[in-house]
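Colleague: my questions are about this predicted structure, shown below with the sequence.
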Amino acid sequence: MEITERRLTIAMSAAVALVLARAAVFLLWEQASFDADQAIFGLMAKHIAEGRAFPMFIYGDRYMLGIEAWLASPLFAVWGPSVAVLKLPVVLVNVATAVLLVWVLHRDGGLKPITALLCSLFYVWASPALAGSLVQTGGGNPEPFLYVLLLWVLRQRPLAFGVVFGIGFTHREFTAYGVAAIAGLALLDSWRVTVARLRAVALAGIGYMVVWQLVRTGFVFSNPFGPGAPITAALGGGNNIEGLASRYCWAPETILPGLRGMFGDYLGILFGADDHRLADVGVRSVIVRTNVPGLPAFWPLLGAIFAVALARVIWISGRARTPLWRGRGAVGAFLLLVGLQAGVAYSVARCGRLDLTTMRYALLTLYLGVGVVALFFIHETERRWRRSMVAVMVLWAVASGAAHVRLLNEYLFHEPPNPHRQLATYLVGHDIRYARADYWTAYATTFLAGERVVIASTDTVRINGYQSEVDAHRSEAVTVQREPCRNGVGPEAVPGTYWICREMK
């Protein structure tokens with residue numbers, strides 16, 4: 001027992017080290033993966049730390065809890081605002097998820113610690129294409145990975161289950177995949193409606209409603225549009241559901257093409273097995289691609305391996321007359337169902353339009369790979385098959401590691417530009433206090449300037465105070481453009497990227 005516990009500690013420590021390694025570039029270089037959506041949470045954290053605002057949700061909306069801002073605010077109070085400090089709590093969420101994933105696969109799947117770590121590599125050692133998304137603060141990207149695991153752990157404790165679901169669903173609605181997977185496995189196990197089951201559902205409902213009521217109450221005292229902004233609309237009964245509906249597209253004729261696209265090239269991007277520029281998936285890189293140079297996209301091969309592995313597991317399970325969803329295999333089936341839901345729901349709800357800019361909606365699909373490999377190691381007993389899967393996972397980890405090394409090398413020796421930082425430095429250095437710019441420029445630059453420059457957005461508005469403050473100083477305000485000024489007069493603040501133009505009187 002002591003040897004097993006020691007090996008589990010080593011495996012979980014290795015998971016922590018790998019997560020920190022894949023997050024290093026994004027912590028050390030702010031421009032690696034930072035945009036206006038993340039800057040909004042940074043500004044929220046700054047306002048909380050200064051006691052100027054107490055937001056319940058992301059500024060400008062009535063969904064997506066501001067948990068990341070609240071976690072960062074005490075760190076801002078100690079060390080001051082920065083991108084690295086803003087991302088630190090998110091990285092710790094990644095660490096907690098990695099440790100819990102290894103532990104759950106060992107405890108519930110009966111896997112040896114090193115095997116549990118091997119199964120977890122798709123998440124723990126995620127490729128740079130995905131690693132950047134997993135440390136972003138703007139879309140609730142990493143937290144659902146943790147929420148669904150907590151739901152699994154708490155499935156026999158309905159009240160706590162309901163509380164976690166309440167927090168998770170209110171934060172990011174993708175947490176519902178975990179509930180659906182657990183409910184589906186329970187129904188596969190038995191269709192019987194018992195008093196115990198009804199009691200569990202009732203207790204979970206109570207836990208959820210307690211969280212929801214607390215959120216409703218908190219919203220009354222919040223600042224939804226920044227410091228001093230009053231509440232202009234009451235909190236409705238289904239904000240996340242309404243948010244889902246607003247982004248939902250239903251066209252039956254696109255379902256099959258969408259699924260072909262999802263389980264074709266799109267999954268290759270999530271698993272780092274396709275050939276795209278990292279810049280296409282939100283990672284600032286000029287030269288690095290998602291694949292190993294000279295190596296063709298290997299998702300067709302990896303996808304085929306998943307299919308063969310799953311088919312063999314089903315065959316072994318059928319031969320032994322042991323359902324996949326019972327016993328040690330239940331945790332693998334759970335992860336597989338979560339990942340499958342994420343992929344299918346995204347492709348169906350988007351009418352087949354699979355866009356790299358909305359990849360965050362399908363991130364949980366990563367658990368599909370973890371579930372397949374876990375089920376394989378749980379059920380497969382023949383040594384040659386097991387060794388083959390070990391070789392596959394090691395080769396994948398080497399390919400992912402090579403991509404991380406290339407990205408690190410680029411930042412060490414050919415660091416990509418940081419136009420938002422350059423713009424912030426220019427504006428502060430030239431004593432420009434007020435400006436207007438597009439959404440993606442305005443909030444990212446304002447955060448990096450520490451609000452010493454206030455930039456109002458010319459399109460999407462999330463902080464009302466910036467708009468009124470710039471309007472009140474119209475005579476001083478400039479316009480930041482991505483093209484030369486119309487009259488040809490105006491400095492080029494960031495070469496080839498931003499120009500400073502005076503507003504017409």
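Modeller: Right, received. Where do you want to start? Residues are numbered from 1 along each chain as shown.

Colleague: and the closest residue to Ile316 other than its chain neighbours, what is it in contact with?
Modeller: Distances taken as Cβ to Cβ, 6 or more residues apart in numbering put His379 closest to Ile316, at 4.8 Å, once the chain neighbours are dropped. For every residue, glycine as well, the C-beta is placed using N, CA and C. When contacts are counted by Cβ atoms under 8 Å, 6 or more residues apart in numbering, His379 touches 313, 316-317, 324, 329.

Colleague: distance of Val370 from Phe271?
Modeller: Using Cβ to Cβ, to the nearest Å, we find Val370 at a distance of 11 Å from Phe271.

Colleague: residue ranges with poor pLDDT in this protein?
Modeller: For the chain, applying pLDDT under 70 flags the ranges 1, 230-248, 250-251, 253, 293-295, 352, 503-505.

Colleague: domains of it?
Modeller: The record's domain parsing of the chain by automatic domain parsing lists 2-227+238-413, 419-502.

Colleague: which neighbours do Val370 and Phe271 have in common?
Modeller: Among the neighbours of Val370, those also in contact with Phe271 (Cβ under 8 Å, 6+ apart) are Phe122.

Colleague: the residue nearest to Arg277 when sequence neighbours are not counted: how many residues sit nearby?
Modeller: When the adjacent residues along the chain are set aside, Arg277 lies closest to Arg289, with 5.6 Å between them (Cβ to Cβ, 6+ apart). Arg289 is surrounded by 18 other residues when neighbours are defined as other Cβ atoms under 10 Å.

Colleague: what's the answer for Val195, then?
Modeller: The number of residues near Val195, taken as other Cβ under 10 Å, comes to 7.

Colleague: which residues sit in contact with the spatially most central residue of the chain?
Modeller: A centroid search over the chain (Cα atoms, centre = their mean) returns Asn141, at 1.6 Å, as the residue closest to the centre. Residues in contact with Asn141, defined by Cβ under 8 Å, 6+ apart, are 133-134, 360, 363.

Colleague: do you know how far it is from Trp440?
Modeller: As defined by Cβ to Cβ, Asn141 lies at a distance of 18 Å from Trp440.

Colleague: confirm that Cys501 sits in a strand.
Modeller: Yes: according to DSSP: H, G, I helix; E, B strand; the rest coil, Cys501 belongs to a strand.

Colleague: please name the nearest non-neighbouring residue to it.
Modeller: Nearest residue to Cys501 in three dimensions, chain neighbours excluded: Cys485, at 3.8 Å (Cβ to Cβ, 6+ apart).

Colleague: follow-up on the earlier one: could you list which of the contacts of Asn141 belong to helices?
Modeller: Within those, residues falling in helices by DSSP state H are 133-134.

Colleague: what's the farthest-apart pair in the contacts of Asn141?
Modeller: Pairwise distances across the contacts of Asn141 peak at 9.7 Å for Leu134 and Arg360 (criterion: Cβ to Cβ).

Colleague: the two: who's more crowded?
Modeller: The residue with more neighbours, out of Leu134 and Arg360, is Leu134; 24 against 21, by other Cβ under 10 Å.

Colleague: ok, the more buried one touching Leu363?
Modeller: Yes: using Cβ atoms under 8 Å, Leu134 is in contact with Leu363, at 7.5 Å.

Colleague: contacts only, for the residue nearest to Cys501.
Modeller: Counting by Cβ under 8 Å, 6+ apart, the residues that Cys485 touches are 499-502.

Colleague: as CSV, these with distance to Phe306 would be great.
Modeller: Shown next, in CSV, are the contacts of Cys485 (distance: Cβ to Cβ, whole Å):
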residue, distance to Phe306
Trp499, 49
Ile500, 52
Cys501, 53
Arg502, 58
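
Colleague: tell me which of the residues you listed is nearest to Leu187?
Modeller: Comparing those against Leu187 with Cβ to Cβ picks out Trp499 as the nearest, at 60.4 Å.

Colleague: and the closest one, bridged to which residues?
Modeller: Per DSSP bridges, residues listed as beta-bridge partners of Trp499: Gln481, Glu492.

Colleague: show me what contacts it?
Modeller: Counting by Cβ under 8 Å, 6+ apart, Trp499 touches 480-485, 490-493.

Colleague: helix or strand for Arg474, which one?
Modeller: According to DSSP states H and E, Arg474 maps onto no helix or strand at all.

Colleague: around it, how many other residues sit close by?
Modeller: What Arg474 shows, counting by other Cβ under 10 Å, is a neighbour count of 11.

Colleague: for Ala424, see how far away it is.
Modeller: Counting by Cβ to Cβ, the separation of Arg474 from Ala424 is 21 Å.

Colleague: could you do Val292 as well?
Modeller: In this view, Val292 and Ala424 are 36 Å apart by Cβ to Cβ.
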